[in-house]
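K.L.:
mind folding the following:
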Amino acid sequence: MLTNFRWLLDLFDIFLVAFIIYRILLLIQGTRAVQMLVGLAVLLMVYVASQVGGLYTLNWILNNFLSSIILVIVVLFQHDIRRALIHVGRNPFFADLSFREETRVIDELCRSCVALAQRQLGALIVIERETGLNDFLDVGVELDAKPSSELIHSIFNTASPIHDGAVIIQRGRITRAGCFLPLTQNLDVSPRYGTRHRAAIGLTELVDAVVIVVSEETGFISVAVGGKITRDLEVTTLKKVLKRLLEPRRKRGVKS
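P.N.:
Here you go, the predicted structure:
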């Protein structure tokens, strides 16, 4: 019976593969994975050229290399593959919060960042989005509190024993403080960035969290997402950026 609908299955098969490729391209857009993908494509072209041109030694080397291409892809794109798999189980930051509570949380974050910047107190605030952050919560002090300007300010006060680490916000609540984050290993990151900025970039290379950094040297407020950082944000811009990044995809879809 299936043979009668073979064309329909083939059509579905092609559509499914095209959809998966499209989602992968969206996922790696703007990341280092694109450069690695281009590098692999160049190697593939060289392999074909060596086969056509009769360059047997080069062809033999590339043939052995490309025969393990699946393993190579898994190693090179391990972070992106992990993000993609986690992406399946979405956990939007504001999924369980009302619009009023969303606005309050963003306002409190902006107020606290401005207050910290004015006093040039360094701060690192991580906001969980769809990818869980539990892998990074082994250290630090456990909390369960509504984000408020006063609380965040007191955590990052230099007299506080946990002011050097990061504050973690999950589902609209501060769940941990004093956490240490992985630093970026990207050699292209400017050497002018200090530990907080490198931690913000490093974490966002691995997960889709939004990280706010307040520099204790300059008082500049920065936001890192997707392994990229935007510096020197005014409070109005910061609020717009946070609203855009943290609102559920469902709402973005309605607006667009």
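K.L.:
going along the chain, name the helices of the protein.
P.N.:
Taking DSSP state H to define them, one finds helices in the chain at 6-28, 32-53, 56-66, 69-76, 78-88, 99-118, 149-155, 195-206, 235-246, 249-255.
K.L.:
most tightly surrounded among those?
P.N.:
Highest mean neighbour count among the helices of the chain (mean count of other Cβ atoms under 10 Å): helix 195-206, with a mean of 22. C-beta coordinates here come from the backbone N, C-alpha and C atoms, glycine included.
K.L.:
which other helices and strands does that helix contact?
P.N.:
Applying 3 or more Cβ pairs under 8 Å, 6 or more residues apart in numbering; DSSP states H and E, one finds that helix 195-206 contacts helix 78-88, strand 123-127, strand 210-214, strand 221-225, strand 228-230.
K.L.:
tell me how far the shortest one lies from the chain's centre.
P.N.:
In other words, strand 228-230. Distance, stretch centre to chain centre, for strand 228-230: 11 Å (Cα atoms, centre = their mean, to the nearest Å).
K.L.:
can you tell me the strand partners of it and which way each runs?
P.N.:
When pairing is defined by DSSP bridges, strand 228-230 lines up against strand 221-225 (antiparallel).
K.L.:
got it, and the second one?
P.N.:
In the sheet, strand 123-127 lines up against strand 166-170 (parallel), strand 210-214 (antiparallel) (DSSP bridges).
K.L.:
now the helices of the chain as JSON lines including distance to residue 184 and mean pLDDT?
P.N.:
Listed next are the helices of the chain as JSON lines, based on distance: least, Cβ to Cβ, whole Å; pLDDT from 0 to 100:
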{"stretch": "helix 6-28", "distance to residue 184": "17", "mean pLDDT": "81"}
{"stretch": "helix 32-53", "distance to residue 184": "11", "mean pLDDT": "82"}
{"stretch": "helix 56-66", "distance to residue 184": "28", "mean pLDDT": "85"}
{"stretch": "helix 69-76", "distance to residue 184": "17", "mean pLDDT": "77"}
{"stretch": "helix 78-88", "distance to residue 184": "12", "mean pLDDT": "66"}
{"stretch": "helix 99-118", "distance to residue 184": "21", "mean pLDDT": "87"}
{"stretch": "helix 149-155", "distance to residue 184": "24", "mean pLDDT": "92"}
{"stretch": "helix 195-206", "distance to residue 184": "4", "mean pLDDT": "91"}
{"stretch": "helix 235-246", "distance to residue 184": "19", "mean pLDDT": "90"}
{"stretch": "helix 249-255", "distance to residue 184": "26", "mean pLDDT": "43"}
